[in-house]
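1. need the 3D shape of this:
(one chain, ligands or ions: 2)
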Amino acid sequence: MHLHGTSTINDKGHLTIGGCDATELAQQFGTPLYVMDEALIRQRCREYMEAFRASGLQFQVAYASKAFCVMAMCRIADEEGLSLDVVSDGELYTALKAGFPVERIHFHGNNKTPQEIEMALDAGIGCFVVDNFVELQLLNELAKDKGKKVNILFRITPGVEAHTHEFISTGQTDSKFGFDLGNGSAMEAVRTAKALSQIEILGIHSHIGSQIFEVEGFKMAVEKVAGFAADVRNELDVTFQVVNLGGGFGIRYTGEDTPLPVSQYVQAITDAVKEYFTQHQYPVPQIWVEPGRSIVGDAGTTLYTVGTYKDIPGVNKYIAVDGGMTDNIRPALYGSKYEAMLANRANDPAEETVTVAGKACESGDKLIWDLELPRANTGDILAVSCTGAYNYAMASNYNRIRRPAVVFVKDGQADVVVERESHDDIIVNDVIPARLSKEALAKS
Ligand SMILES: Cc1ncc(COP(=O)(O)O)c(C=O)c1O
Ligand SMILES: N[C@@H](CCCC[NH3+])C(=O)O
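-> Ligands and ions are numbered 1, 2, ... in the order given. Coordinates of the predicted model:
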């Protein structure tokens, strides 16, 4: 397993993260346990901020909180000077409760409810990334009711097609997100918004996909956005101050992944912005981005306790852990690959290839298909790396399995930032109607 961030092997042959012995963390906090390397999260935030500072452009780096949204993470994003992208009232509530400055929060989503819009307006949100015509009208009406003006970016689908880069999957025409550039609806959206009394047009937004390694897709998006901005200025006399290029910067889950350093993504984007906007004699706008995975992904490690072992001679060997698809749905959902090791026997040589299975009642509940490991024993601690993004965020209570705790580790200190769910948490929203109570049944 590749050792990310502050991870090392200590003289007991144990994996350590943030100066904490992972085997001891497992004992202290129980498993499954999400361990987040705080120094690595902060390092990634700083890499973005420094690369943008070096570009000389005005910018905002908005952490895409969908990747991992808990109050402690909002505090780190705030301390590091990032903005925040939220996509639901739940993420907004988390950020506000964490004291995140509301003017640096951006609200996304293709189907924001009236209640969500009102909550964001009441809070005084920094901007809405408007996705469609229904939202545009609704936003204007609700803002009028409240006597407020509201800043917006238009989310456009730039038509950067999947056939050029298979992984670029949200920027194409057939997408549930945004106003299409090619069919004229993006231009129509700007025309409509210009006539709406409460709407302040700040700029434009494009997000082309996730876990992207090359810079070409981003450059193509910038080229399209710059051309569109120039057309809008000519046709409608509207100048965009902000161009938001979304997230999608890839990370290394396994040796098959080949991400670039953050600074190279940022430089490619800022260079493209300078080049294409200057070509159109357009004032170079502020650049915003929305990285999620690349801020928190490789900072996360999940610790599990190995339970059962099953050898099907000549076919497969399974080790089962005390979590699985409920804390990491990504292998089952996308076929995602991960690396792992025995945290308590880090120096033991690999002896066999196993499939790591979860404990959910579902054949597809597998975390890793072909892991080289020493012969694992019941009670060993399995560490799966790169689980910081879209793991806790997408965790479920399937089979009424309780969601794990999350700890932040740094300089030998471990702090719980999310408590493990209790049995009572599992039933907290359950209601037994009076007619189904045991007493009522006894009477009938
Ligand atoms: C609009 C938008 N912004 C930002 C992100 C964050 O993407 P990533 O975690 O790949 O950086 C996403 C998710 O893909 C998204 O849909
Ligand atoms: N949840 C996805 C990414 C979706 C990005 C959100 N637009 C993942 O785990 O990789």
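
2. going forward, measure contacts between C-alpha atoms and count neighbours the same way
-> Will do.

3. helices of the stretch 1-150 of the chain, residue ranges please.
-> All helices of the stretch 1-150 of the chain, identified by DSSP state H, counting those that start in this stretch, fall at 22-29, 38-55, 71-79, 89-97, 114-123, 133-145.

4. reformat these as TSV; add mean pLDDT and mean neighbour count.
-> Output for these, formatted as TSV (pLDDT from 0 to 100; neighbours: other CA atoms under 10 Å):
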stretch	mean pLDDT	mean neighbour count
helix 22-29	98	18
helix 38-55	98	19
helix 71-79	98	19
helix 89-97	98	19
helix 114-123	98	16
helix 133-145	98	17
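
5. next one: the residue sitting nearest the centre point of the chain from ligand 2, what distance?
-> Nearest to the geometric centre of the chain sits A67, at 1.9 Å (CA atoms, centre = their mean). Distance of A67 to ligand 2, given as CA to the nearest ligand atom, to the nearest Å: 7 Å.

6. that residue and G307: what is the separation?
-> 29 Å (CA to CA, to the nearest Å).

7. secondary structure element for M341?
-> Using DSSP states H and E, M341 sits within strand 340-342.

8. which neighbours in the sheet does that strand have, and how are they oriented?
-> Under the criterion DSSP bridges, strand 340-342 sits next to strand 381-385 (antiparallel) in its sheet.

9. picking that back up, compare the helices of the stretch 1-150 of the chain and give me the one nearest E362.
-> Closest approach to E362 among the helices of the stretch 1-150 of the chain is made by helix 22-29 (25.5 Å; CA to CA).

10. mind giving me the packing neighbours of the closest one?
-> Judged by 3 or more CA pairs under 8 Å, 6 or more residues apart in numbering; DSSP states H and E, the packing partners of helix 22-29 are strand 15-17, strand 300-312.

11. name the surrounding residues that touch stretch 179-193.
-> Residues from elsewhere that reach stretch 179-193, judged by CA atoms under 8 Å, 6 or more residues apart in numbering: 131-133, 136, 154-159, 173, 199, 201, 228, 232, 236.

12. and if we set it to 7 Å?
-> 131-133, 155-159, 173, 199, 232, 236 (CA atoms under 7 Å, 6 or more residues apart in numbering).

13. please save the CA atoms from stretch 282-300 in PDB.
-> Extracted C-alpha coordinates of stretch 282-300, given in PDB (Å, rounded to 0.1, in the frame of the first residue of the first chain):
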ATOM      1  CA  TYR A 282     -12.000  40.300 -22.500                       C
ATOM      2  CA  PRO A 283     -11.100  41.500 -19.000                       C
ATOM      3  CA  VAL A 284      -9.500  38.500 -17.300                       C
ATOM      4  CA  PRO A 285     -12.100  37.300 -14.800                       C
ATOM      5  CA  GLN A 286     -11.700  35.900 -11.300                       C
ATOM      6  CA  ILE A 287     -11.100  32.200 -11.300                       C
ATOM      7  CA  TRP A 288     -13.000  29.900  -8.900                       C
ATOM      8  CA  VAL A 289     -12.600  26.200  -8.500                       C
ATOM      9  CA  GLU A 290     -14.400  23.500  -6.500                       C
ATOM     10  CA  PRO A 291     -12.000  20.600  -5.600                       C
ATOM     11  CA  GLY A 292     -13.500  17.900  -3.300                       C
ATOM     12  CA  ARG A 293     -11.700  14.600  -3.800                       C
ATOM     13  CA  SER A 294      -8.300  16.200  -4.200                       C
ATOM     14  CA  ILE A 295      -8.600  18.000  -0.800                       C
ATOM     15  CA  VAL A 296      -9.600  15.100   1.400                       C
ATOM     16  CA  GLY A 297      -9.400  11.800  -0.600                       C
ATOM     17  CA  ASP A 298      -5.900  10.700   0.100                       C
ATOM     18  CA  ALA A 299      -6.000  12.000   3.700                       C
ATOM     19  CA  GLY A 300      -8.500   9.300   4.700                       C
END
